[in-house]
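1. quick one, what's the 3D model for this:
(2 chains)
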Amino acid sequence: MTAKTRIPDPIELDRAEEARLRASAGLAPPTATPEYAGFDTVAIPDRPPVTDREKEVYTLDEGEMLFNMGPQHPSTHGVMRLVVKVRGEIVVDIDPVLGYLHRGIEKLCENATYTTVMTYVDPMDYMSAMHNEHAPAIAFEKLMGITPPPRAEYIRALVMELNRAFSHGLMMGFLALDLGGLTPILYSFINRDEVVDLLSSISGQRMLFNFLRVGGVNWDVSDEFISRLSTWRAKTGHTVGLSEKLMTENEIFIRRTKGMGVLSGEQAVSLGVSGPNLRASGVPFDVRKAHPYSIYPELEFEVITHEAGDVYARYLQRVAELKQSLHLIDQIVDRMPHGPVQAQVPGIIRPKPGRAYAAVESPRGLYSVYAISDGGPNPYRFRMRDPSFISLQAMPVLMPGRLIADTMAIMASLDPIMGGVDK
Amino acid sequence: MELSIDGARNAELLARLRDDEELAFTYLADAAAVDYGVDAHFEVVYHLYSTRHPAWLRVRARVDRADPHLPSVTHLWNGAMFHEREMYDMMGIVFNGNRDLRRIYMSPDYRSFPQRKDFLLPDDAADSPAAGVNPLERPETWDLARFAAGEGAQAGREGPA
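-> From the prediction side, this is the model:
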């Protein structure tokens, strides 16, 4: 492994190289446009299709048309564009176009110190910023060969479950919103704002917490926080119940969601779908059990699954996991030990050369970090696997044959967050 | 656990890992590319999970930097598609047999591979004699050779070519 080389990037050479690579792979040559025209925002790009799949999507048969959903569509959960091919009201094919929110966080992290990486990963999946910090923290601790003190691990698990609780609560609200029900989102936001207040009281930030540190957490939690937490805990069951009452037994909701967007377990595994989406298809894969980390081996919980694999099952899965998170919070608070919250870590972290993989169960599924150290002050390679990026591949599988109005229901049930999808 | 293999054998080996009754590494958790520098090689790293044991396995496939080709594994896992598109977009690694090898994050007319180690960041330009130049917002129009040659300040003020 060599030190970072600083050679000017020869863009012209890269162009030639890409042409050569594509030619040797039997692909069509890249179409060079003389002037950079920004992203294609028309449904049919003004350039010939380069791949087989692109030809398939963008070639229209009699009676078919293409249209864009996004990039500013409010239901795409961020800036993303779905090119939808329809015949009448029926969706024939769908092609997600990404990159509108791409910030190159992996590259930024490779040029940041190990401590500052924590601030860069927060805006990835902004609905689960705590989980975003957890995986790099574990990976860097593995590289350095240190373990955080027990109290830090308990505080981490506590904030992870709080974060999961509000993320799943919001998913319930957004799913109803995308189906045209405006009320559940209001209840979801009441619950979510209370959790965000709790988390900001210990981290100082509302959404991008920057709370975890390599070897521990930034601040200890006070007794006042624990008492506020139990106040919230006492009434949150009621708040969740309100949303649930509006949706779970609602006939309109059931008719819109049951039997729709059915993803079989086999398909889900092949697509790399993870988290609640995978478990709603009957596959009992939960990283908290499969790749035990933090204090999860000590806590008592079962992997919840649902068999149907449709939108309704994915909704029920979220509700069940939200309640499970609340039970986990109770267990964690009961067992929380006293002691320090930060291990001894040098000011400038320089782990020994090596590689480490850390996976955590984020509200959207398997979120993992693969970090390589070359002994320098910043990670040589920092790779993040975001669950919503991969889950989005289920869209072209689930959509054909459904109505246009179902696009958003299926999309909301997969619960992708564009900050994570686009990195 | 870790396996190091030659890139050309990845599809064959991963198929065996997935289909073997004893091994049953059925879940592709991650696939990522690593650039070990201009005078070294690329590596495509697969992380697999097997529910049978349960166990995790890392497969590191070595890829020649001058000729970065290796077989696609999209026929084994449909979900490898976005991973491979991302690796192509960010590192310029070509997967033979992938039906949809398009850029995924960068715009279709972008022609560089930003996660390669020899890609120059705007911040690095601050170390060049052209320090203080406000980076333009359109990286694909930057004439970085001129930055490095020391006439960057002038090149920057002229705006895009």
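2. for the stretch 201-350 of chain A, what spans make up the strands?
-> Listed in chain order, the strands of the stretch 201-350 of chain A (DSSP state E, counting those that start in this stretch) span A:212-213, A:216-217.
3. quick one: mean pLDDT over the first one.
-> In this model, strand A:212-213 has an average pLDDT of 90.
4. what distance do you get for A:F209 to A:R383?
-> Using Cβ to Cβ, to the nearest Å, A:F209 is found at 22 Å from A:R383. For the C-beta atoms, the positions are set from N, CA and C on the backbone; glycine is no exception.
5. low-confidence stretches in chain A?
-> Counting by pLDDT under 70, chain A shows low-confidence ranges at A:1-15, A:29-49, A:73-76.
6. phi and psi next, for the residue lying farthest from the centre of it.
-> Ranking residues of chain A by C-alpha distance from their mean position (Cα atoms, centre = their mean) puts A:E62 at the top, at 38.3 Å. Note on A:E62: backbone dihedrals following degrees, to the nearest 10 are phi -60, psi 130.
7. now B:M106
-> As for B:M106, its main-chain torsions (degrees, to the nearest 10) stand at phi -80, psi 160.
8. before we move on, what about the one 4 residues further on?
-> The phi and psi values for B:Y110, taken as degrees, to the nearest 10, are phi -70, psi 140.
9. next: B:V63.
-> Listed backbone geometry of B:V63 is phi -130, psi 140, with angles given as degrees, to the nearest 10.
10. for B:E21, same thing?
-> Backbone dihedrals for B:E21, given as degrees, to the nearest 10, come out at phi -60, psi -40.
11. what's the burial count for B:L3?
-> B:L3 sits with 13 neighbouring residues when counted by other Cβ atoms under 10 Å in any protein chain shown.
12. could you find the closest non-adjacent residue to it?
-> When the adjacent residues along the chain are set aside, B:L3 lies closest to B:V59, with 4.8 Å between them (Cβ to Cβ, 6 or more residues apart in numbering or on different chains).
13. if you count neighbours, what's buried in the helix or strand hosting the one you found?
-> Assigned by DSSP states H and E, B:V59 belongs to strand B:55-63. Using 16 or more other Cβ atoms under 10 Å in any protein chain shown as the burial criterion, the residues of strand B:55-63 that qualify are B:56-63.
14. now stretch B:102-113
-> For stretch B:102-113, a neighbour-count test (16+ other Cβ under 10 Å) marks B:102-106, B:108-113 as buried.
15. can I get those residues in CSV with distance to chain A?
-> Converted to CSV, the buried residues of stretch B:102-113 look like this (distance: Cβ to the nearest Cβ, whole Å):
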residue, distance to chain A
B:R102, 6
B:R103, 8
B:I104, 6
B:Y105, 4
B:M106, 6
B:P108, 7
B:D109, 5
B:Y110, 8
B:R111, 4
B:S112, 5
B:F113, 7
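16. format those as TSV; extra columns: distance to A:G309, pLDDT and secondary structure.
-> As requested, the buried residues of stretch B:102-113 are exported to TSV (distance: Cβ to Cβ, whole Å; pLDDT from 0 to 100; DSSP: H, G, I helix; E, B strand; the rest coil):
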residue	distance to A:G309	pLDDT	secondary structure
B:R102	29	84	coil
B:R103	32	83	coil
B:I104	26	88	coil
B:Y105	29	88	coil
B:M106	34	83	coil
B:P108	34	74	coil
B:D109	39	70	coil
B:Y110	37	73	coil
B:R111	41	71	coil
B:S112	41	75	coil
B:F113	37	82	coil
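17. the residue farthest from the centre of chain A and A:R87: what is the separation?
-> From A:E62 over to A:R87 (counting by Cβ to Cβ), the distance is 9 Å.
18. assign B:L101 to helix, strand or coil.
-> When the structure is reduced to helix, strand and coil (DSSP: H, G, I helix; E, B strand; the rest coil), B:L101 reads as coil.
19. contacts only, for it.
-> The contact partners of B:L101, by Cβ atoms under 8 Å, 6 or more residues apart in numbering or on different chains, come to A:25, A:27, A:51, B:84-85, B:88, B:94-95.
20. sort out for me which of those residues are in helices.
-> Among those, the residues falling in helices (DSSP state H) are B:84-85, B:88.
21. give the contact list for whichever residue of chain B sits closest to chain A.
-> Taking Cβ to the nearest Cβ, chain A has its nearest neighbour within chain B at B:G79, 2.8 Å off. Contacts of B:G79 were listed using Cβ under 8 Å, 6+ apart, and they are A:270-273, A:390, A:393, B:28.
22. test my guess that B:E2 contacts B:R58.
-> Yes. Using Cβ atoms under 8 Å, B:E2 is in contact with B:R58, at 4.6 Å.
23. what about A:L27, how many residues nearby?
-> Residues lying near A:L27 (other Cβ under 10 Å) number 19.
24. doesn't A:L366 belong to a helix?
-> No. Secondary structure assignment (three-state DSSP) places A:L366 in strand, not in a helix.
25. look up how far A:E307 lies from it.
-> Counting by Cβ to Cβ - A:L366 and A:E307 are separated by 21 Å.
26. have a look at these two and say which one is more surrounded.
-> Relative neighbour count places A:L366 above the other of A:L366 and A:E307, with 29 against 10, counting by other Cβ under 10 Å.
27. wait, doesn't the more buried one sit right on A:A359?
-> Yes. Between A:L366 and A:A359 a contact is recorded at 5.7 Å, counting by Cβ under 8 Å.
28. hey, what's in contact with both of these two?
-> When contacts are counted by Cβ under 8 Å, 6+ apart, A:L366 and A:A359 are jointly contacted by A:287, B:29.
29. near the nearest residue to A:F189 once chain neighbours are set aside, how many other residues are there?
-> In space, A:F189 comes closest to A:G173 once its chain neighbours are excluded; the distance is 6.8 Å by Cβ to Cβ, 6+ apart. If you count neighbours by other Cβ under 10 Å, A:G173 ends up with 25.
30. please apply the same query to the one 4 residues further on.
-> A:L177 sits with 20 neighbouring residues when counted by other Cβ under 10 Å.
31. pLDDT at the closest residue to B:N98 other than its chain neighbours, what is it?
-> Leaving out its chain neighbours, the residue that sits closest to B:N98 by Cβ to Cβ, 6+ apart is B:S72, at 4.0 Å. In this model, B:S72 is scored at 90, pLDDT.
32. and for B:E22?
-> Per-residue confidence for B:E22 comes out at a pLDDT of 81.
33. repeat that for B:R138.
-> Value for B:R138, per-residue pLDDT: 45.
34. show me what contacts residue 25?
-> You didn't say which chain, so I picked chain A. When contacts are taken as Cβ under 8 Å, 6+ apart, A:A25 is in contact with B:69, B:94, B:96, B:101.
35. actually chain B
-> Applying Cβ under 8 Å, 6+ apart, one finds that B:F25 lies in contact with B:14, B:17-18, B:48-50, B:55, B:57.
36. run through those and flag the ones next to chain A.
-> Of the entries in the contacts of B:F25, the ones placed beside chain A under the rule of Cβ under 8 Å from any Cβ of the partner chain are B:Y49.
37. so which of the contacts of B:F25 belong to helices?
-> B:14, B:17-18.
38. ok, of these, which come out buried?
-> Of those, these count as buried by 16+ other Cβ under 10 Å: B:14, B:17-18.
39. nearest to A:L278, out of those residues: which one, please.
-> Minimum distance to A:L278 across these is 16.9 Å, recorded for B:R18 (Cβ to Cβ).
40. domain parsing for chain B?
-> Following automatic domain parsing, one gets these domains for chain B: B:2-96, B:122-158.
41. return the member of those domains having the minimum mean pLDDT.
-> If the domains of chain B are sorted by mean pLDDT, domain B:122-158 sits at the bottom with a mean of 48.
42. if I look at the residue nearest to A:I304 when sequence neighbours are not counted, how far off is A:G259?
-> If the residues on either side of it in the chain are set aside, A:I304 comes closest to A:A320, at 4.7 Å by Cβ to Cβ, 6+ apart. As defined by Cβ to Cβ, A:A320 lies at a distance of 19 Å from A:G259.
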